[in-house]
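K.L.:
below is the sequence, then the predicted model.
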Amino acid sequence: MQVVVLIGNSASAKDISRDIVGVAKEVHIAARSVEDEEYGKQPGYDNMWLHPMIESVCEDGTVIFPDGSSVLGDIILHCTEYKYHFPFLETNGIVTVDDNRVEPLYKHIFPPALAPCLSFVGLPSKAIPFPMLELQSKWIAGVLSSRIELPSQEKIMEDVSKQYTLNMETTRVNLA
């Protein structure tokens, strides 16, 4: 059994920590933007701790935290933010990556003009990643094997427009 240090506290780190807590000797999660009272041993787990973001890592794998505490990690896994970048993808503007958003996409997977030939797996960053990846992969496989049929191009574009309009309406920032 190994001591695992996860750097980050977003969806992938939470998902990975729950997956490995039963087989790891210890799971240590280094997070920023967490209330001080949340640090320490995590409720419901005998072998999971939440720490402030790491200060440094020694050559032997010892992770040093800002409060002076440390842990010798067998595995240090970065579970940090994704930045979308597809330099190999030439779509002549049919698919764009702006402000870390890939669009337009039908159901966050298929570019309408290129479906089903091109699909993206794992783009929604606020979802629980591994179950979502499996479901997206199964849907893509169903479409590519003709077991599942996508709606018409017109219906796909209608759905994409509605989704992006809804996103814009629900994610407005209140500057007051």
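P.N.:
It's in.

K.L.:
the longest helix seen in the chain: how far from the chain's middle?
P.N.:
Criterion DSSP state H: the longest helix present in the chain is helix 153-170. Distance of helix 153-170 from the chain centroid (CA atoms, centre = their mean, to the nearest Å) equals 23 Å.

K.L.:
same check, this time on stretch 52-72
P.N.:
Computed by CA atoms, centre = their mean, the separation of stretch 52-72 from the middle of its chain amounts to 24 Å.

K.L.:
what's the answer for stretch 139-157, then?
P.N.:
Stretch 139-157 has its C-alpha centroid displaced from the chain centroid by 24 Å (CA atoms, centre = their mean).

K.L.:
taking the mean pLDDT, what do you get for that stretch?
P.N.:
The pLDDT scores in stretch 139-157 average 95.

K.L.:
what residues of the longest helix of the chain count as buried?
P.N.:
Residues of helix 153-170 classed as buried: 156, 160, 163 (neighbour count, 16 or more other CB atoms under 10 Å). For glycine as for every other residue, the C-beta is placed from the backbone atoms N, C-alpha and C.
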